[in-house]
Structure formats: structure tokens, C-alpha cells
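[1] this one's structure only:
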């Protein structure tokens, strides 16, 4: 068997499916008996079925560290603090060596909003254990982070049911 090389994978773009793809990877890795950690930035863990389901998979732990949806004009202080808490957790867990796969869900949004410095994320990527697979999700991934990745997938919307007035569907979007 070939030696495992921990990959850095990014799911970004304006299309749907970034978190869904990362969760599919967690499902696959769980089937191999891996230890998987999902840290959700921005999301609060309330109203997202993946928070309930992922924790039922063997070897998967999910932690929501966010405050939830950030509406325009909202005071972002508590969101910034929550993201910083999630970031400190992510740094500790990446360094711990306990995990085969870590998913930093919506970290790209946390970087875009200025809650987490892309330079810090770049340093984490460079310093991660060589066998650890690391996935970063969310729109607007900074270019400097994409340059460090082994795989970058950009979800591009071509057609979406919301465009024809169909609301978000339970089990599909949340």
C-alpha cells in the first residue's frame, strides 16, 4: 500500500454543494474507520441536519462554533469571537495528531469576513501533520489559500431551483 499523503482540499464557489461534498467525504472516510472532525464556522448547529447525522457516524465528531446566519447590518462582534474560538480549536486539533480528516466548514467565509486571517490559515496548512487530510469549505476562498491546496473544486451555479421560486428544501439545503 502506498504511503498516505495528507491532502488539502478546498470546496469553494457560488454554487451549491460545498458542505455536502465535504460531508460525503466524511461518510466515505468513516467507512474506512478513520477519525474525522468537522468544525463548523458561522453555523450554529441549530437547524442543520448534518449536525445530527454526522455525529451518528462511527469516528465522526462535529462541532458547531458559529453564531448562525449573519444578516447585513448585524453587529458582528459575537460572530467574530465565535469564529476566533473555532479557529483556536482548529489549530489545537490539527496539531493534536488525533484525526485522519478535519473539515473546516465555512472557514472561507470566516476569512472573507475578516474573522480569521488567511495568513494564519496558510501557516496552519504548511504546518499540518503530513498524513492529515484537511478540507476547507465556503464561498470566496482567498487565492493564497487555494495556491496551497492539492485540490480545489469551484462549485459554479448553472441552474438552481430557487431561481424559479422553489424555496430551500429540508434535507437538501439544510
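    Yes, it's here. Only a predicted model underlies this, so the values are computations on that prediction, with no experimental measurement involved.
[2] so what's residue 153 up against?
    9, 10, 11, 12, 13, 21 (Cβ atoms under 8 Å, 6 or more residues apart in numbering). C-beta coordinates here come from the backbone N, C-alpha and C atoms, glycine included.
[3] Widest-spaced pair of those?
    Spatial extent of the contacts of residue 153 (Cβ to Cβ) is set by the pair 9 and 13 at 13.4 Å.
[4] mind putting the contacts of residue 153 in TSV, pLDDT included?
    Output for the contacts of residue 153, formatted as TSV (pLDDT from 0 to 100):
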residue	pLDDT
9	98
10	98
11	98
12	98
13	98
21	96
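[5] Going by distance to residue 76, which of those wins?
    The closest of the contacts of residue 153, once distances to residue 76 are taken by Cβ to Cβ, is residue 12, at 21.3 Å.
[6] Tell me if I am right that that closest one is in a strand.
    Yes. Counting by DSSP: H, G, I helix; E, B strand; the rest coil, residue 12 is part of a strand.
[7] Would you mind measuring from it to residue 154?
    6 Å (Cβ to Cβ, to the nearest Å).
[8] Those two: which has the busier surroundings?
    residue 12 (22 against 14; other Cβ atoms under 10 Å).
[9] distance of the more buried one from residue 101?
    18 Å.
[10] Quick check: beta-bridge partners of the residue nearest the centre of the chain?
    With distances taken as Cα atoms, centre = their mean, residue 105 lies nearest the centre of the chain, 1.6 Å away. Note on residue 105: beta-bridge partners by DSSP bridges are residue 40.
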